[in-house]
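1. Below: sequence and its predicted model.
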Amino acid sequence: MRWHRPGERLASGLVELFVVLGVIGVLLAMVFPAIQRVREAANRTVCQSNMRQIALALHQQHDDRAARSLLGIGWLVTLLPYVEQGTLWTQTQQALLTEPIATYLNPPHAGAARVLPLYTCPTDSRLRGAHVDPDGYPTAFTSYLGVRGGAWGQNQAGFFTHNPLSFAAIQDGLSNTLLMGERPPPDTFLAGRWYSATYDNGWTYLCWRGPDHTMNTYYSAMVYIRASCAGDCSGPFRYGRGRTDNPCDRWHFWSLHPGGANFAFGDGSVRFLSYSAEPIMIALATCNGGEVVSVADYD
């Protein structure tokens, strides 16, 4: 019979424990990325569903010949009656009678700090609550901006302009024209308000605010833009990867999804476009450019 020396069984147990912990560590390293991929796939699907509902609401609004923009509020606000937010729309109309200009003030504008999940991509967990903007006002933000046109400063009008186009005027075809896309707000929260349009693309404490509601797909020569109180931005700005901690990335469409972003088209369809689609973004953003592009090559 073999007698174990003191500590011998303990040493054997430690080795076995380390082996088990190592196996668990390997399994966790394999499982976590899979869980993250599944979660991101679910978030992307919800994000696409949100955009599809917004696009449908725009079509309903268009059919009713209702205004897509009003002084002081963004186009997402005018969609409230079409996204089952009739009560908030009534409150907004009453607030506009009291304060038609400074729509970031709450009261009377309760919507300024109201988070609407439909207007946010679930991948961006920051937007689940309101934030205090650089001017000190509680503010809710959106993940989605209307596509205003192709290259800024050129005669390449998009659907969202000061004189909104009818769907019939989009000669390139609704299925070939971008309606809206993703752009996460920067960590400075100087851009991306869904409610107030006051001072949109304007100065606030020497910092350039916006874009909040609409944006071009390309900005070529925007030099010396005060992106934050700590730095400047210089173009060009085009569709591509971005970071929320880079305030300059608010000047182009991008998303927190890997590899690209979701875009809604004029026909109400929603597609995920890879960043390799950058060369055709100007063509997709124009309504009457007459360009021939193949979106299928960039899904």
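-> Looks like it came in fine. Note that the coordinates shown come from a computational prediction; the quantities given were computed from them, not determined experimentally. Residues are numbered from 1 along each chain as shown.
2. a helix runs through Ala112, doesn't it?
-> Yes. The assignment for Ala112 is a helix, going by DSSP: H, G, I helix; E, B strand; the rest coil.
3. ok, it - how many residues close by?
-> Using other CB atoms under 10 Å, Ala112 has 27 neighbouring residues. (C-beta placed from N, C-alpha, C; glycine too.)
4. Repeat that for Thr244.
-> Around Thr244 there are 17 residues (other CB under 10 Å).
5. So it belongs to a strand, correct?
-> No. Per three-state DSSP, Thr244 lies outside any strand segment and is coil.
6. check contacts around it.
-> Neighbour list for Thr244: Arg126, Pro184, Pro185, Pro186, Asp187, Leu256 [criterion: CB atoms under 8 Å, 6 or more residues apart in numbering].
7. want to try CSV for those residues, with distance to Thr142, neighbour count and secondary structure as columns?
-> Shown next, in CSV, are those (distance: CB to CB, whole Å; neighbours: other CB atoms under 10 Å; DSSP: H, G, I helix; E, B strand; the rest coil):
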residue, distance to Thr142, neighbour count, secondary structure
Arg126, 12, 15, helix
Pro184, 10, 25, coil
Pro185, 8, 25, coil
Pro186, 13, 22, coil
Asp187, 16, 15, coil
Leu256, 14, 21, coil
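8. Which member of those is positioned nearest Ala110?
-> Pro185 (20.1 Å; CB to CB).
9. Surely the closest one is in contact with Ala191?
-> Yes. At 5.6 Å, Pro185 counts as touching Ala191 under the criterion of CB atoms under 8 Å.
10. list residues touching both of those two?
-> Between them, Pro185 and Ala191 share the contacting residues Arg250, judged by CB under 8 Å, 6+ apart.
11. Scan the protein for its longest helix.
-> helix 8-63 (DSSP state H).
12. which helices and strands does that one pack with?
-> With contacts taken as 3 or more CB pairs under 8 Å, 6 or more residues apart in numbering; DSSP states H and E, helix 8-63 sits against strand 144-151, strand 178-182, strand 260-265, strand 270-274.
13. Contacts for the first one, please.
-> Counting contacts by CB under 8 Å, 6+ apart, the residues outside strand 144-151 that touch it are 50-51, 54, 75-76, 119, 121, 156-161, 178-183, 192, 211-220, 253, 263, 281-283, 285-286, 289.
14. Check stretch 253-260 too.
-> 40, 43-44, 47, 121, 123-124, 143, 145, 147, 181-184, 215, 217, 239-242, 244, 261-263, 272-275, 277, 281.
15. C-alpha coordinates for that stretch, PDB please?
-> Provided in PDB are the C-alpha atoms of stretch 253-260 (Å, rounded to 0.1, in the frame of the first residue of the first chain):
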ATOM      1  CA  PHE A 253     -22.800  58.700 -42.500                       C
ATOM      2  CA  TRP A 254     -21.600  55.600 -40.600                       C
ATOM      3  CA  SER A 255     -22.800  53.200 -37.900                       C
ATOM      4  CA  LEU A 256     -21.800  51.100 -34.900                       C
ATOM      5  CA  HIS A 257     -22.500  48.000 -36.900                       C
ATOM      6  CA  PRO A 258     -19.400  46.200 -38.300                       C
ATOM      7  CA  GLY A 259     -18.600  46.900 -41.900                       C
ATOM      8  CA  GLY A 260     -21.300  49.400 -42.900                       C
END
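16. Tell me how far that stretch lies from the chain's centre.
-> 9 Å (CA atoms, centre = their mean, to the nearest Å).
17. for that stretch, which positions count as buried?
-> For stretch 253-260, the neighbour count (16 or more other CB atoms under 10 Å) marks Phe253, Trp254, Ser255, Leu256, His257, Gly260 as buried.
18. Contact partners for the closest residue to Thr177 other than its chain neighbours?
-> Among residues not flanking Thr177 along the chain, Gly266 sits closest, at 4.4 Å (CB to CB, 6 or more residues apart in numbering). Neighbour list for Gly266: Phe159, Phe167, Ile170, Gly173, Leu174, Ser175, Asn176, Thr177, Leu178, Leu179 [criterion: CB under 8 Å, 6+ apart].
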